[in-house]
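**Q** Got a sequence here, can you build the structure:
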Amino acid sequence: MSKHFILTYLPLLLTNVLHMWMVKWDWLSPLKIPVNERLFGKNKTWRGIFLVAILNLLFFSAVALAFGYWNELSPEAPVLGLSLGLAYSLSELPNSFLKRRLGIAPGQKSGPGLSWSVFSDRADSALGVCWVYCWMMNLDVTTGAILFFPALLVHLFFSAVLVALKVKEQI
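**A** Just a heads-up that it's a prediction; the model follows:
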């Protein structure tokens, strides 16, 4: 099971921390084009989808090599890394769509404290990544559930760390 935690969490953690720094520094600003501002808000951009997919491909490949999983996953490792990065970004879109329909501004929570939108903002990407990972690795639903719940905690923890470092504005 530790292999699955390493392959799903570590690359995406590195990917998202670097992505948030790139957003803060406004790198690759020509790609900062909303996917569809009316449907998803201004914060869901092609830059984010592109960067998360490519960065995760690179970090996933590096982690697979560093931890000795490359031979087991080869030649699919880069495809899996890219797919998990895309799953992370694309699985956020339905939640953003719903929040826009509810009148919640892009980047905002639904209310004070740890609200349902804070939970859904973390659960959407975790669920998408776990589903794609289990599907591509031919794993059962139980393994997916075991991967999913800690992903929420990891996501919340590192969101709080990025807020403390002033990379993100809010959890």
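
**Q** how about the residue nearest the centre of the chain, what does it touch?
**A** For the chain, residue 88 is the residue whose C-alpha lies nearest the centre (CA atoms, centre = their mean; 3.8 Å). Applying CB atoms under 8 Å, 6 or more residues apart in numbering, we find residue 88 in contact with 12, 15, 16, 52, 56, 125, 128, 129. (C-beta placed from N, C-alpha, C; glycine too.)

**Q** okay, now the residue lying closest to residue 29 once chain neighbours are set aside: neighbour count?
**A** Nearest non-adjacent residue to residue 29, counting by CB to CB, 6 or more residues apart in numbering: residue 47, 7.7 Å away. For residue 47, the neighbour count with other CB atoms under 10 Å is 21.

**Q** just residue 84 next, same as before
**A** Residue 84: 27 surrounding residues under other CB under 10 Å.

**Q** how close does residue 148 get to residue 134?
**A** Using CB to CB, to the nearest Å, residue 148 is found at 9 Å from residue 134.

**Q** now residue 20
**A** Distance from residue 20 to residue 134, by CB to CB: 26 Å.

**Q** The two - which one has more neighbours?
**A** A side-by-side neighbour count of residue 20 and residue 134, using other CB under 10 Å, places residue 134 first with 20 against 16.

**Q** Other residues contacting the host helix or strand of the more buried one?
**A** Using DSSP states H and E, residue 134 sits within helix 116-137. Residues outside helix 116-137 that contact it (CB under 8 Å, 6+ apart) are 4, 7-8, 12, 76, 80, 83-84, 87-92, 94-95, 98-99, 104, 109-111, 139-141, 143-145, 147-148, 151-152, 155-156, 159, 171.
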